[in-house]
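no letters, just coordinates:
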Ligand SMILES: Nc1ncnc2c1ncn2[C@@H]1O[C@H](COP(=O)(O)OP(=O)(O)OP(=O)(O)O)[C@@H](O)[C@H]1O
Ligand SMILES: [Mg+2]
């Protein structure tokens, strides 16, 4: 049974679609990530699940029930916001208890539930403080406690960690992973941050301009981007425009401006002379150190000049210029060898690390 189903949902603001015919099925207990650039409709989608907005088209189902007519406070769903949205004049305890008091829950039960929620977020002794007496990370823990205290089936998280500094953010990511283990809830988390979404999510949807571009495991999205947009949005991608000049048994040959030929794999059928974009990650590029190294026909080899090197700890990122003033980014582990600016190098891209997007696909 789906915990949350979004069925052909669209939402328009002033005639412009913020969410454009989106369908998603999210399983019970799943941690689902929503990833995409600013303005692509992530928050609007969450707000429709929570019931703060209603779809102009399509339906939202919770546990297979259409909830179109159900107001937000009657949906088994809670939302955690980037801004915490705590009541400043109420203590931590009262912030967490707020929803339970509204529903006239018995006093003893409120006490027990609030304490166990504060324990889960590791703030058991801070119940009497006011929000302004807490750090940002602690305030966000209170916001989590408040969202889970009435045991919703679905927890919606809208960039919950983005206001935190990197170290606290990292700790809170680990905490979210623990909540996921301990609470049998469905999580849907919006993030700008790809590594955060990948670290926590069972599956991720990548959105662009109101539409879902791809849904898959983090591994699928990273290794097999379905569209040019996803390839460009996720990770360190090289995208080079060119023309298909030959179709071989397991790859196409694409010539890019300047004449460099790339061997690229594609899951869709292409025809010679078609315009296409070759894609590969910077980490797929190898700079050939030893001339005796032979890569045979399992990839593309090309000459390049090192324009820039940025040190990144155990690796370096190289900006390379190839024929025709085209650029390629390569990431290489420093233990292999470092290359100076201005050096001429040979580079290799294995077929296995490539893909192809044909020009009219997106
Ligand atoms: N209440 C509203 N009235 C008019 N336009 C809106 C409203 N809410 C959202 N929009 C528009 O809908 C689009 C999607 O907005 P949304 O807030 O869902 O994006 P988002 O993906 O959450 O972006 P961000 O990552 O910046 O939070 C944007 O173009 C936004 O300006
Ligand atoms: Mg948003």
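Thanks, I have the structure now. The structure presented is a predicted model; accordingly, all values stated were derived computationally and were not measured. Ligands and ions are numbered 1, 2, ... in the order given.

surely residue 157 and residue 189 touch.
Yes - counting by CB atoms under 8 Å, residue 157 does reach residue 189; the two are 4.1 Å apart. Every C-beta, even on glycine, is put in place using the N, C-alpha and C of the backbone.

tell me, what's touching those two both at once?
Residues touching both residue 157 and residue 189 (CB atoms under 8 Å, 6 or more residues apart in numbering) are residue 176.

for ligand 1, what's its nearest residue on the stretch 151-300 of the chain.
residue 192 (5.8 Å; CB to the nearest ligand atom).

spit out the contact partners of that residue.
35, 37, 38, 159, 162 are the contacts of residue 192 under CB under 8 Å, 6+ apart.

interface residues of this protein facing ligand 1?
Selection of the chain residues close to ligand 1 by CB under 6 Å from any ligand atom yields 13, 18, 36, 38, 39, 40, 41, 42, 43, 44, 192.

list the contacts of the helix or strand where the second one lies.
With the criterion set as DSSP states H and E, the secondary-structure element containing residue 18 is strand 16-27. Here strand 16-27 makes contact (CB under 8 Å, 6+ apart) with 2-12, 32, 41, 44-45, 48, 55, 57-58, 186, 188, 205, 207, 209-212, 215.

how about 7 Å then?
Contact with strand 16-27 is made by 2-12, 32, 41, 44-45, 186, 188, 205, 210-212, 215, as judged by CB atoms under 7 Å, 6 or more residues apart in numbering.

for ChimeraX, what selects the buried ones among those residues?
Buried members of the contacts of strand 16-27, defined by 16 or more other CB atoms under 10 Å, are picked up in ChimeraX with:
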select :2,3,4,5,6,7,9,10,11,32,41,44,45,186,188,205,210,211,212,215
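
return the subset of the contacts of strand 16-27 lying in strands.
Counted as lying in strands by DSSP state E, out of the contacts of strand 16-27, are 2-12, 32, 186, 188, 205, 211-212, 215.

give the next helix or strand downstream of the helix or strand harbouring residue 59.
Element membership for residue 59 (DSSP H and E) is strand 57-62. Moving toward the C-terminus from strand 57-62, the next helix or strand (DSSP H and E) is strand 65-66.

which residues are contacting stretch 244-258?
Counting by CB under 7 Å, 6+ apart, 240-243, 261-266, 270-274, 276, 278, 322-326, 351, 356 sit against stretch 244-258.

how far off centre is it?
Mean C-alpha position of stretch 244-258 versus that of the full chain (CA atoms, centre = their mean, to the nearest Å) differs by 31 Å.

check stretch 85-101 too.
On CA atoms, centre = their mean, the centre of stretch 85-101 falls 31 Å from the chain's centre.

buried sites along that stretch?
86, 91, 92, 93, 94, 95, 96, 97, 98, 99, 100.

kindly report the same for stretch 204-224.
Neighbour-count burial for stretch 204-224, counted by 16+ other CB under 10 Å, picks out 204-216, 218, 221-222.

for stretch 164-181, same thing?
For stretch 164-181, the neighbour count (16+ other CB under 10 Å) marks 164, 168, 169, 172, 173, 175, 176, 179, 180 as buried.

ok, stretch 145-153 next?
Quick answer for stretch 145-153 (16+ other CB under 10 Å): 145, 146, 147, 148, 149, 150, 152, 153.

average pLDDT across that stretch?
Over the span of stretch 145-153, the pLDDT mean works out to 92.

switch to numbering from 7
Sure, I'll start numbering at 7, so the last one becomes stretch 151-159.

run through the stretch 207-356 of the chain and note the low-pLDDT ranges.
296-303 (pLDDT under 70).

all helices for it, in order.
224-229, 234-239 (DSSP state H, counting those that start in this stretch).

for stretch 171-187, what is the distance to the chain centroid?
16 Å.

and that stretch, what's its mean pLDDT?
The model assigns stretch 171-187 a mean pLDDT of 88.

helices of the stretch 57-206 of the chain, residue ranges please.
Under DSSP H, counting those that start in this stretch, the stretch 57-206 of the chain gives helices at 98-108, 113-126, 142-154, 172-188, 200-206.

how about CSV for those, with distance to residue 315 added?
Output for those, formatted as CSV (distance: least, CB to CB, whole Å):
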stretch, distance to residue 315
helix 98-108, 49
helix 113-126, 46
helix 142-154, 36
helix 172-188, 24
helix 200-206, 23
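
quick one: which of the ones you listed is nearest residue 88?
Closest to residue 88 of the helices of the stretch 57-206 of the chain is helix 142-154 (CB to CB; 9.0 Å).

just checking, what packs against the closest one?
Packing contacts for helix 142-154, counted by 3 or more CB pairs under 7 Å, 6 or more residues apart in numbering; DSSP states H and E, involve strand 83-86, helix 98-108, helix 113-126, helix 172-188.
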